[in-house]
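K.L.:
return atomic coordinates for the entry below.
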Amino acid sequence: MANLFDPKIQESDLSSKSVVGLERISEVFRVLLWQKSNETSLSPIQIQLLIFIKNHDSSLANVSQLAREFNMKKPTISDAVKVLFQKELITKESGSDARAYTILLTEKGKSVVDSLKDFGEPVKDILDELDPREKDALFQSLAKVIFKLNQRGLIDVQRTCFGCRFYEKSSNGHYCQFIKKPLLENEIRLDCGDFQQIDS
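P.N.:
Residues are numbered from 1 along each chain as shown. Next up, the predicted model:
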C-alpha cells in the first residue's frame with residue numbers, strides 16, 4: 001500500500017493530497033482547543049463536552065451517548081465528567097435508574113461555555129473569505145465524506161440528512177419530510193436536532 005504521507009505520492013494522487021490537507025486542518029483544531037485549555041485549566045475533551053451539552057438536547061447528555069458522540073470509551077468520558085462535576089460546571093440529574101443520569105450545566109458551567117464557544121472562529125473567518133461557490137462546493141464535499149465515514153463505521157454518530165428517515169433524494173434534489181420542503185445543497189444539515197435514524 002502506498003504511503004499517502006509521502007510527498008512524491010501526493011504529486012500524482014489528489015486524494016492523498018486532500019487527506020494531508022484534512023489532517024492539517026485537524027491539527028489547527030487541536031491547537032485552538034489547547035489554547036482554550038491553557039486559559040481555563042480544562043482538558044480539550046472537557047471543553048468539547050461542555051460545548052456539546054450546552055448545544056444539544058438533554059437526552060444526548062449522558063455518559064453512554066457522549067462516549068458514542070466522541071468515539072471514546074465510557075471510562076474516559078466518566079473521568080472527564082467527574083472533573084467537571086468537581087469543578088461545579090455540571091450537575092447530574094438521576095432518573096428512575098440511579099446508575100444512569102443526565103448531565104446538565106450549572107450557571108458557572110454556562111458562563112464557562114460562553115468563553116469557550118468561539119474557539120473555532122479563526123477557521124470560520126477564513127471560510128467567510130471564500131467565494132460563495134467555493135464555500136458551497138467545500139460544504140457539499142465535506143457532507144458526503146462525513147456521511148461515508150459514518151457508513152464505514154469510522155464515525156459512530158452523525159445526525160446528518162443523508163442518514164435520516166425524513167430525507168429523500170430525488171431527480172429534483174433533496175427533500176425533508178419533517179419540514180415538508182425541498183433542501184438546497186447548502187441546507188443539508190450535519191447535526192440536526194430533528195434527526196431520526198433510518199431503521200436498519
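K.L.:
please look at Y167 and P182 and confirm they touch.
P.N.:
No - judged on C-beta atoms under 8 Å, Y167 makes no contact with P182 at a distance of 11.5 Å. No exception for glycine: its C-beta is placed from N, CA and C like everyone else's.
K.L.:
next SSE downstream of the lengthiest helix in the chain?
P.N.:
When the chain is parsed with DSSP state H, its longest helix is helix 14-40. Per DSSP states H and E, the first helix or strand lying C-terminal to helix 14-40 is helix 44-55.
K.L.:
quick one on the thing from earlier: quick one, the longest helix of the chain and helix 44-55 angle?
P.N.:
90 degrees (axes from the mean of the first three to the mean of the last three C-alpha atoms, to 10 degrees).
K.L.:
in helix 14-40, what's buried?
P.N.:
16, 32-33, 36-37, 40 (16 or more other C-beta atoms under 10 Å).
K.L.:
do stretch 182-196 as well
P.N.:
183, 188-189, 192, 195.
K.L.:
distance of K82 relative to S115?
P.N.:
22 Å (C-beta to C-beta, to the nearest Å).
K.L.:
quick revisit: which neighbours do Y167 and P182 share?
P.N.:
Common contact partners of Y167 and P182 (C-beta atoms under 8 Å, 6 or more residues apart in numbering): 174-176.
K.L.:
out of the residues you listed, which are inside strands?
P.N.:
174-176 (DSSP state E).
K.L.:
which residues of the chain fall in strands?
P.N.:
So, for the chain - with DSSP E - the strands run 90-94, 101-105, 167-170, 173-176, 181-183.
K.L.:
between the ones you listed, which one is nearest to L130?
P.N.:
Comparison of the strands of the chain against L130 by C-beta to C-beta identifies strand 181-183 as nearest, at 21.2 Å.
K.L.:
returning to what we had before: which of the buried residues of helix 14-40 lies closest to Q151?
P.N.:
Once C-beta to C-beta is applied, the member of the buried residues of helix 14-40 that ends up nearest Q151 is S16, at 21.2 Å.
K.L.:
any idea how far the nearest residue to the closest one once chain neighbours are set aside is from V28?
P.N.:
The shortest distance from S16 to any non-neighbouring residue, by C-beta to C-beta, 6 or more residues apart in numbering, is to L4 (3.7 Å). Distance of L4 to V28, computed by C-beta to C-beta: 20 Å.
K.L.:
over to R68?
P.N.:
25 Å.
K.L.:
list the contacts of the closest residue to D57 other than its chain neighbours.
P.N.:
Take D57 and drop its neighbours on the chain: the residue closest to it by C-beta to C-beta, 6+ apart is G193, 6.6 Å away. G193 makes contact with 56-57, 159, according to C-beta under 8 Å, 6+ apart.
K.L.:
which one (most neighbours) among these?
P.N.:
The most crowded member of the contacts of G193, judged by other C-beta atoms under 10 Å, is R159 (19 neighbours).
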